[in-house]
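Undergrad: can you look at this prediction? I've put the sequence above it.
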Amino acid sequence: MNERKKALTSAILSGHANTVYIPVVEAIDARLMSRFLAKVALEVLTHRLLTVEGWNEEIVDKAGLDQLRHFARIGDLPEKWPFSRRRIYGEEDVQREGDNGYQVLHEFTILCEPLPEPGHLDLYAIVCIFGEEFAINMGEPEIASYERWLKAHHGKSPLYTSDTLPAPPIFG
């Protein structure tokens, strides 16, 4: 037990501390978080497509992103934009690479999930911040196809499966 925990335990047991505040990780404003994730999703998509010729026009003019852009900017419609949230590693975990250790502060990828309709995809931004993974659908306010993807891949994060973005179907 580290020194801070010992001091807190001692203060509680001795009666010197009569109030303890416990931060609740779940206490985030879901609406603000989904708007933040919508903004980040557009940035992730832009970052990933910078090397594709015509990327700017394709992102700016892509009608399929209009609803997400509007939600990120204004936040009025739709009323909710669900997202997936789960912890995939501890926020204080240290990764080892040889003799060196480092912490992963953030990481991201894009997941393209084919839909039953030919030529249609669900496009997800997967963002992990201090070990907490968030996923948001860039095309519509639903998360069910991501949950199906997770189930089909035994809960493995898309961050650790493939880092290849299939650009042709997006622009097809």
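TA: Perfect, I can see it now.
Undergrad: need the helices for the protein, in chain order.
TA: Using DSSP state H, the helices of the chain run over 3-14, 30-49, 55-61, 66-73, 144-152, 167-171.
Undergrad: what about the fourth one, distance to the chain center?
TA: Taking C-alpha atoms, centre = their mean, to the nearest Å, one finds the center of helix 66-73 at 17 Å from the center of the full chain.
Undergrad: what helices or strands is it leaning on?
TA: helix 30-49 (3 or more C-beta pairs under 8 Å, 6 or more residues apart in numbering; DSSP states H and E). No exception for glycine: its C-beta is placed from N, CA and C like everyone else's.
Undergrad: any regions of this structure where pLDDT drops low?
TA: Scanning the chain for pLDDT under 70 picks out the ranges 1, 20-26, 162-172.
Undergrad: hang on, the earlier thing: minimum distance to residue 136: which of the helices of the chain has it?
TA: Closest of the helices of the chain to residue 136 is helix 30-49, at 4.3 Å (criterion: C-beta to C-beta).
Undergrad: which residue is the nearest non-sequential neighbour of residue 105?
TA: residue 130 (6.6 Å; C-beta to C-beta, 6 or more residues apart in numbering).
Undergrad: and that neighbour, what does it touch?
TA: Residues in contact with residue 130 (C-beta atoms under 8 Å, 6 or more residues apart in numbering) are 91, 105, 106.
Undergrad: same question, residue 136
TA: By C-beta under 8 Å, 6+ apart, the neighbours of residue 136 are 34, 37, 38, 41, 81, 83, 84, 124, 125, 127, 143.
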